[in-house]
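Asker: Kindly generate the corresponding structure for this input.
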Amino acid sequence: MSTRIAFLKGHGTENDFVIVPDPDNAVELTPAAVAALCDRRAGLGGDGVLHVVRSAAHPEARAMAAEAEWFMDYRNGDGSVAEMCGNGVRVFARYLQHAGHVSEGDLAIATRGGVKTVHIAKDGDITVGMGKARLPEGDVTVSVGERSWPARNVNMGNPHAVAFVDDLADAGDLFSPPPFGPASAYPEGVNVEFVVDRGPRHVAMRVHERGSGETRSCGTGACAVAVAAARRDGIDPAVTGTPATYTVDVPGGRLVITERPDGEIEMTGPAVIVAEGEFDPAWLESVVG
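Answerer: Coordinates of the predicted model:
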């Protein structure tokens, strides 16, 4: 690589991302390159990378090109590939608006978790159709030190273990993945949410994101938490025929999650572009070579 490569920096409730616009899928982002970009001291810093590619140009997204022009090729901060990132989708949509590819209103974005519907509101908030939650059967536990809690297994296109605790400090430092059991429940690892109640249909959470550590926010995690809280509270919109809305506070802000009677889940929150520039491929080659 000899030409300089554009990037932007954005966040959704302080879940922050390096954005790499690459419509033709010409930039090779190896796991080492992604980890270098996300390094908060030696790189640009971020919880992950949003690689912006036209669906038709990416082998994993070509089948979705008729539904969604753009593919969110999302990578965790350690360079691993992830199926979905809810906050990332909002920031991805904000970038498309910032770059003039889309305007206010509805659009579709392809992800490894399927095509997601997005609405960019005039007030600036962005709503993402996050699909339906799956609730695999079987008991799950998560642990911190000598303490363990039962957890709800929720899959939002990626796996989550939701544990209700007395105090968010019970989660510990979340530097390393909280142990879970049984191992067969999450063969590829799991995102772990620790949750406390703040009021009626109002909870707060901390999260260890698989591949990123503790983050300031997790969109799919907030959805998983809302569904787990609703079921704990005896609420199932498929049974009542009435949407259920939960407010979920995360360290970086607030998200509003609605589960509809058809099972579809909508997440609403902010997304901000904070900077843009270029990085030198020679630097990247030097740190990953």
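Asker: looking at this, residue 8 is in a strand?
Answerer: Yes. Under DSSP: H, G, I helix; E, B strand; the rest coil, residue 8 falls within a strand.
Asker: Can you name the residues bridging to the nearest residue to residue 20 once chain neighbours are set aside?
Answerer: The shortest distance from residue 20 to any non-neighbouring residue, by CB to CB, 6 or more residues apart in numbering, is to residue 51 (5.1 Å). In this view, the C-beta of every residue, glycine as well, is placed from N, C-alpha and C. Assessed by DSSP bridges, residue 51 has beta-bridge partners residue 20, residue 73.
Asker: Hmm, residue 24 and residue 51 touching each other?
Answerer: No. Using CB atoms under 8 Å as the test, residue 51 is too far from residue 24 to be in contact (11.9 Å).
Asker: Regarding residue 35, what is its secondary structure?
Answerer: Residue 35 - assigned by three-state DSSP - is helix.
Asker: Let me see the contact set for it.
Answerer: 77, 78, 79 (CB atoms under 8 Å, 6 or more residues apart in numbering).
Asker: Distance of the nearest residue to residue 54 once chain neighbours are set aside relative to residue 33?
Answerer: Nearest residue to residue 54 in three dimensions, chain neighbours excluded: residue 23, at 4.9 Å (CB to CB, 6+ apart). As judged by CB to CB, to the nearest Å, residue 23 and residue 33 stand 18 Å apart.
Asker: likewise residue 90?
Answerer: Residue 90 sits 24 Å away from residue 33, going by CB to CB.
Asker: Of those two, which one has the most company?
Answerer: residue 90 (30 against 21; other CB atoms under 10 Å).
Asker: roughly how far is whatever helix or strand the more buried one lives in from the heart of the chain?
Answerer: Counting by DSSP states H and E, the element that carries residue 90 is helix 86-98. For helix 86-98, the separation from the chain centroid amounts to 11 Å (computed by CA atoms, centre = their mean, to the nearest Å).
Asker: Going C-terminal from it, what's the next secondary structure element?
Answerer: Remark: after helix 86-98, the chain's next helix or strand is strand 105-111, criterion DSSP H and E.
Asker: For stretch 195-209, list every residue counted as buried.
Answerer: 195, 196, 201, 203, 204, 205, 206, 207, 208, 209 (16 or more other CB atoms under 10 Å).
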